[in-house]
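Enquirer: Quick check, what structure comes out for this input:
(chains A, B, C and D)
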Protein chains: 2
Amino acid sequence: MKLDEVDRKIVSQLQIDGRTTLETLGKITGYTNMGVRKRVNNLLESESIRISALMNLKRFNFFLAVVLIETDGPETLQRLLKRFENCPRVVYIFTTIGGFNMIALVVAEDKETLESISMEKCSLRSEKGIRRSEFYPVMDVNYSPFMPIRRYLAHKDLSVPPCRVNCKPCARYKFERCVGCPATKYYKGHL
Amino acid sequence: MKLDEVDRKIVSQLQIDGRTTLETLGKITGYTNMGVRKRVNNLLESESIRISALMNLKRFNFFLAVVLIETDGPETLQRLLKRFENCPRVVYIFTTIGGFNMIALVVAEDKETLESISMEKCSLRSEKGIRRSEFYPVMDVNYSPFMPIRRYLAHKDLSVPPCRVNCKPCARYKFERCVGCPATKYYKGHL
DNA sequence: GGTGAAATAGTTCAGAA
DNA sequence: TTCTGAACTATTTCACC
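Expert: Alright, predicted model coming up:
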């Protein structure tokens, strides 16, 4: 995908405000609103860009962590990716080249719950076949506190979490040291 | 910031499509468009959410890397944060607790240029006071290829890059092994 | 990419809950 | 304080150039 000057102006503006009207985009580019509409629609339909609500981690008191993982092979890696595909607490999982072959960004609504996804049965590290892992709690997110948090707010009515690890029998959940999975009816958090 | 059921529905929908009309949001929540307008404006004005264009890393052939850094103290860390504040290639810098105290997400438009920001004078690791660093090129971004890339498309007219390291005298830039900083007039990339 | 008219959507504000 | 309804303004859409 290549962008010309006009596309660049459009995308730049939509980065600042994704709801900018076609009219305004027209003024910025010197096109009519129909002209930019076609550009914007092309960018969206080709999935070159997506216009989406990001959440302010600071405002919602989200706690973020980076998890580094070394798996014993590609099967474990694939199993992990599949298992956490719909986990609301996983923002991104990168597969990487190097000593660690997987780096994940995870999020939770308090420190206790972040601890759960660091060590409990529902954590990334709990998967069989992980040789080594490191967990880095994030103190501060620099440059922009806005992040594309996935699915945190949807359903809340499942009886089994997307990762298939039930919260109910978990000691941390029982003793109120974890708010549980946001996708299930067991969720006790504020979101 | 706390969200009620209505806010949650609104934000959920805006995550899927940030340009959803107030009318549609009204239908989803059972409110009138005025009702949701207030909600949406509150969310935006309080900076709880931001609606923004994300770029598809795959579509634009972006190369991503995770950089782990251990600094010799808080001064180095602050200096680094300040220096890369406006670097278009830095997506996020997290300050963390643990063996590494800084984790950055960086982006480039080809492998050669990614290599530059891994080792050249304009790289994060070039800062004085770094004890140790690791660089993990990302093979694959899972779950969503969309990322809030900052400032990549703006200006392109500076004579000195935001990090203050000139591209012109750099050997990699001269020998076409780096497209240069996207914020400057020396930029030779496709974006 | 642009036009112009029709259709949708957004805004304002007085008043109800 | 929060939402509604109706009138008004702005924006978007559609078929066609």
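Enquirer: Run a quick neighbour tally on the residue in chain A positioned nearest to DNA strand D.
Expert: Per CB to the nearest atom of the strand, residue A:22 is where chain A lies closest to DNA strand D, at 3.0 Å. In this view, the C-beta of every residue, glycine as well, is placed from N, C-alpha and C. For residue A:22, the neighbour count with other CB atoms under 10 Å in any protein chain shown is 19.
Enquirer: For the closest residue to it other than its chain neighbours, list the residues it contacts.
Expert: Among residues not flanking residue A:22 along the chain, residue A:33 sits closest, at 4.0 Å (CB to CB, 6 or more residues apart in numbering or on different chains). By CB atoms under 8 Å, 6 or more residues apart in numbering or on different chains, the contact set of residue A:33 is A:21-23, A:25-26.
Enquirer: what do you get if the cut-off is 7 Å, keeping everything else the same?
Expert: By CB atoms under 7 Å, 6 or more residues apart in numbering or on different chains, the contact set of residue A:33 is A:22-23, A:26.
Enquirer: Do a quick rundown of the strands in chain A.
Expert: For chain A, applying DSSP state E gives strands covering A:49-56, A:63-71, A:90-96, A:102-108, A:130-142, A:146-147.
Enquirer: If it's not too much trouble, I'd like the ones you listed exported to TSV so that distance to DNA strand C, mean neighbour count and mean pLDDT sit alongside each entry.
Expert: Putting these into TSV (distance: least, CB to the nearest atom of the strand, whole Å; neighbours: other CB atoms under 10 Å in any protein chain shown; pLDDT from 0 to 100) gives the following:
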stretch	distance to DNA strand C	mean neighbour count	mean pLDDT
strand A:49-56	13	24	97
strand A:63-71	32	21	98
strand A:90-96	28	22	97
strand A:102-108	30	24	97
strand A:130-142	30	17	97
strand A:146-147	21	22	97
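Enquirer: Of all those, which one comes closest to residue A:79?
Expert: The closest of the strands of chain A to residue A:79 is strand A:63-71. By CB to CB, the value is 8.9 Å.
Enquirer: bridging residues for the closest residue to residue A:110 other than its chain neighbours?
Expert: Spatial nearest neighbour of residue A:110, chain neighbours left out: residue A:63 (6.5 Å); criterion: CB to CB, 6+ apart. Residue A:63 has these beta-bridge partners by DSSP bridges: residue A:108.
Enquirer: Residue A:63 contacts residue A:114, correct?
Expert: Yes. Between residue A:63 and residue A:114 there is a contact at 4.4 Å, judged by CB atoms under 7 Å.
Enquirer: hey, what's in contact with both of those two?
Expert: Shared contacts of residue A:63 and residue A:114 (CB under 7 Å, 6+ apart): residue A:108.
Enquirer: So, low pLDDT: which residues of chain A?
Expert: Along chain A, the model assigns pLDDT under 70 to no residue.
Enquirer: State the distance from the residue nearest to residue A:110 to chain B.
Expert: Separation of residue A:63 from chain B (CB to the nearest CB, to the nearest Å): 11 Å.
Enquirer: about what we covered before: identify, from the contacts of residue A:33, the entry nearest to residue A:166.
Expert: residue A:22 (47.9 Å).
Enquirer: quick one, what contacts the closest one?
Expert: Residue A:22 neighbours (CB under 7 Å, 6+ apart): A:33, A:36-37, A:40.
Enquirer: Just the buried ones among those residues, please.
Expert: Taking 16 or more other CB atoms under 10 Å in any protein chain shown as the criterion, what is buried in those is A:36, A:40.
Enquirer: which residues does residue A:189 contact?
Expert: So, once contact is read as CB under 7 Å, 6+ apart, residue A:189 ends up touching A:109, A:179, A:182.
Enquirer: Quick one: name the residues of chain A near DNA strand D.
Expert: A:21-24, A:33-34, A:37 (CB under 7 Å from any atom of the strand).
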